[in-house]
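Asks: Provided below are the primary sequence and the corresponding predicted coordinates.
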Amino acid sequence: MLEQLIAVVKDVAQEEIMPRYMQVVRHRKADGSFYTEADLVAQKVLLDKLQRIHPAAVMGEEMSIQQQHALWEAGDAGLWSVDPIDGTSNFFNGLPYFGVSVALMRKGRSILGVVYNPVTKELFYAEKGKGAYLNGIRLPLRNRETHLRNAIANVDLKRLDRKLAEKIAASPPYASQRNFGACTLEWCYTAAGYFDLYLHGGQKPWDYAAGCLILEESGGSMCSFEQDDYWAGSPWQRSVIAALDPALFRQWRDWVRAHYQNDGISAV
C-alpha cells in the first residue's frame, strides 16, 4: 500500500500541481487562508486514486467544515487525511517550500503517511512500526542535538498565545529560529534533524496526520500544550511541542509549558 501511495502522490504532483506552479490565481477562504485551482484539482484526483488503493473515506482540507467533521466522526475504521498543497501561499508566490501530504488513519491515529515536495523532490514517508525515510534513507539524517541552548527551532509565532510569543521573541531559549510556512514539511524537517525543535499553536488533522507519524517513526517525541499524549484532546486545534531527541524534548516541553498561558489560540 505504501508503494502505491507514493506513486499516486508523485503522479498528482507532476500532473496536476507543478504545471500550475506560479500560474494560478489565489482565493481567500472564510477562515482567511488561501486556496487555488491547483488545490481543488489535486484534491479531487487524490480522492479518486486513494480509494482505489484502500476503500476508506477521504477527508481533504478543501472540503467544507461540515464534510470534514462528518468524515472524521465516521472514520474510525479508516480515513484518508489529505492536504493537496500544504503551503499554498508559498506555492502561488513561487517559494519552493510546499508539499502534498496524505495519511491513512485508524481510530484517530496515523498508520501510513507520505509528504512530498515536488520542487525539491523530497519524499518523506513512514508506516507505523517500520521507521521513517527520506528518499530511501532512514531518518534522522544527523545526530540529535541534546542541549536546548544549541538547538535550531521551527516556531510559528502567530498562532501562539501572547505571553509565550513575547517570551520567545524577547528571550528565546534556543540558538536560532525558522518558520517557512508549511506544517507538513516542518514535521518532516524535524524528523530529518534539520530542525531540533518544533512549536505550533494549533493544527488540523491534515496538517499533522502524516508528519506526526514520520516524526514518531524517526524516534522523535511530541505532545500538546495541555496533553502529554499528543493524540488526546480535540483533533481540530492540536498544538505541537516536539523535538527529535527525547532529552531535548523534555527540556523544550518544560520551558514552553512554564511560559504558556491558555488565553485562546488561533486555529490554522
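Replies: Arrived safely. Numbering: from 1, shown residues only.
Asks: show me where pLDDT drops low in the stretch 151-268 of the chain?
Replies: Screening the stretch 151-268 of the chain residue by residue with the criterion pLDDT under 70, one finds the ranges 262-268.
Asks: can you give me the strands in it?
Replies: Applying DSSP state E, counting those that start in this stretch to the stretch 151-268 of the chain gives strands spanning 152-155, 176-178, 197-203, 221-223, 238-243.
Asks: now do the stretch 1-150 of the chain
Replies: 27-28, 34-35, 57-60, 79-86, 99-106, 109-117, 122-127, 132-134, 137-138.
Asks: Tabulate the ones you listed in a markdown table, adding columns for mean pLDDT and mean neighbour count.
Replies: Using the backbone N, CA and C atoms, a C-beta is placed for each residue, glycine as well. Shown next, in a markdown table, are these (pLDDT from 0 to 100; neighbours: other C-beta atoms under 10 Å):
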| stretch | mean pLDDT | mean neighbour count |
| --- | --- | --- |
| strand 27-28 | 82 | 11 |
| strand 34-35 | 82 | 17 |
| strand 57-60 | 96 | 21 |
| strand 79-86 | 97 | 28 |
| strand 99-106 | 98 | 26 |
| strand 109-117 | 98 | 24 |
| strand 122-127 | 98 | 24 |
| strand 132-134 | 98 | 21 |
| strand 137-138 | 98 | 10 |
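Asks: So which of those strands is nearest residue 222?
Replies: strand 109-117 (12.2 Å; C-beta to C-beta).
Asks: so that closest one versus strand 99-106, what angle?
Replies: Here strand 109-117 runs at an angle of 170 degrees relative to strand 99-106 (axes from the mean of the first three to the mean of the last three C-alpha atoms, to 10 degrees).
Asks: for strand 109-117, packing partners?
Replies: helix 2-12, strand 99-106, strand 122-127, helix 183-192, helix 205-217 (3 or more C-beta pairs under 8 Å, 6 or more residues apart in numbering; DSSP states H and E).
Asks: thinking again about what came up before, distance to residue 123 and mean neighbour count added to the strands of the stretch 151-268 of the chain, as TSV?
Replies: TSV is the format used below for the strands of the stretch 151-268 of the chain (distance: least, C-beta to C-beta, whole Å; neighbours: other C-beta atoms under 10 Å):
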stretch	distance to residue 123	mean neighbour count
strand 152-155	20	22
strand 176-178	21	13
strand 197-203	20	25
strand 221-223	22	21
strand 238-243	21	26
